[in-house]
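1. With the sequence up front, the predicted model follows.
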Amino acid sequence: MLKLASALKGYAVKASDGEIGEVADFLFDDRTWLVRWLVVDTGKWLSTRKVLLHPQVIGKPDHERREFPVALTKAQVQGSPEISEHEPVSMQMERHLYDYYGWEPTSLEAAFGANPIASRFSAPPLFVFEGHADPALLPRDCDAHLRSVDAVTGYHILASDGAIGKLETMLVDDSSWGGPYLVVDTGNWWPGKHVLISRHAVTEIDWADRQFRTGVSRQAVKASPPWSALGDVDQDYEKDLRDHYDWPGHD
């Protein structure tokens, strides 16, 4: 099901023997747009510590109760490698997490994550819980493609012929954990509207200027199927959107 990432924040995360905290953020890969980690704030249980959980241990969410079940015990989570809010997530840390839990990277993670490849999307890695980083001060082992949804919120979205608004959040598929759409608040350009832009339309990400460049025109955006930020994105609407822009389906 496609859900607003912002709406999933705050969901309780429940281990097999009790609650461990709540969802604080999502870390996605800027090449595949897959959510690689859920950031969980453990609150008072572990003295405000945050932990990373891989989507493969997240069960089917209960949206009425706003809960995610996880196939772990509280003791397993408590004994997991600690991450720092003031340091980037390194590839070494990710390897420690995989080894500790006995997890296996997905095929896409294995293909991309083992040896990060420079691309026009690559940039100095962001701090997980902060929006900025000095490239000269970052360790070489940082995962340069791991991005925080919180950190990119507010980035400007540019059409081929001008700005269309700012990134408000992303749509996340809570079964495949892909991030197929950007949710754009069109602001002063088209007041009171929100539109969806497919990840397939993104042609460049300018990290320095906090911009997503796309290949769609402003006219195409205004003529797109109407959508309310509170409305569902069902298969019929998604088909209409793909047909309008000639976008492929999300994966």
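-> That came in fine, so what should we check first? Numbering: from 1, shown residues only.

2. Let's see stretch 201-209 as CSV, backbone CA atoms only.
-> The C-alpha trace of stretch 201-209 is given here as CSV (Å, rounded to 0.1, in the frame of the first residue of the first chain):
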residue,chain,number,x,y,z
ALA,A,201,10.9,11.7,-13.8
VAL,A,202,13.9,12.8,-11.7
THR,A,203,16.8,13.6,-14.0
GLU,A,204,19.2,15.1,-11.5
ILE,A,205,19.6,15.8,-7.8
ASP,A,206,21.5,18.9,-6.8
TRP,A,207,22.5,18.3,-3.2
ALA,A,208,24.3,21.6,-2.8
ASP,A,209,21.3,23.7,-3.9
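
3. Quick one: mean pLDDT for it?
-> Regarding stretch 201-209, the rounded mean pLDDT is 91.

4. how about the helices of the stretch 151-251 of the chain, start to end?
-> For the stretch 151-251 of the chain, applying DSSP state H, counting those that start in this stretch gives helices covering 218-222, 235-245.

5. Give the residue spans of the stretch 51-200 of the chain that score low on pLDDT.
-> Within the stretch 51-200 of the chain, the ranges that satisfy pLDDT under 70 run 85-87, 106-143.

6. And for residue 28, the neighbour number?
-> Applying other C-beta atoms under 10 Å, we find 24 residues neighbouring residue 28. All C-beta atoms are positioned from the backbone trio N, CA, C, and that covers glycine.

7. Return the distance of it relative to residue 243.
-> Going from residue 28 to residue 243 by C-beta to C-beta, to the nearest Å gives 26 Å.

8. picking up where we left off before, would you single out the least confident of the helices of the stretch 151-251 of the chain?
-> Out of the helices of the stretch 151-251 of the chain, helix 235-245 stands lowest, with a mean of 93 (criterion: mean pLDDT).

9. same for that helix, what does it pack against?
-> strand 194-198 (3 or more C-beta pairs under 8 Å, 6 or more residues apart in numbering; DSSP states H and E).

10. So which elements touch the strand it packs on?
-> Secondary-structure packing of strand 194-198 (3+ C-beta pairs under 8 Å, 6+ apart): strand 162-173, strand 181-185, helix 235-245.

11. go again using 7 Å as the cut-off
-> Secondary-structure packing of strand 194-198 (3 or more C-beta pairs under 7 Å, 6 or more residues apart in numbering; DSSP states H and E): strand 181-185.

12. CA atoms only for the strand it packs on, dumped as CSV, please.
-> What follows is strand 181-185, C-alpha atoms only, in CSV (Å, rounded to 0.1, in the frame of the first residue of the first chain):
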residue,chain,number,x,y,z
TYR,A,181,6.6,9.2,-5.8
LEU,A,182,7.6,12.6,-4.5
VAL,A,183,4.8,14.6,-2.9
VAL,A,184,5.1,18.2,-4.0
ASP,A,185,3.5,21.2,-2.4
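
13. Can you list the strands that it pairs with?
-> Next to strand 181-185 in the sheet, as set by DSSP bridges, lie strand 162-173 (antiparallel), strand 194-198 (antiparallel).

14. Just say which of those is most tucked in.
-> The highest mean neighbour count among the strands paired with strand 181-185, using mean count of other C-beta atoms under 10 Å, belongs to strand 194-198: a mean of 22.
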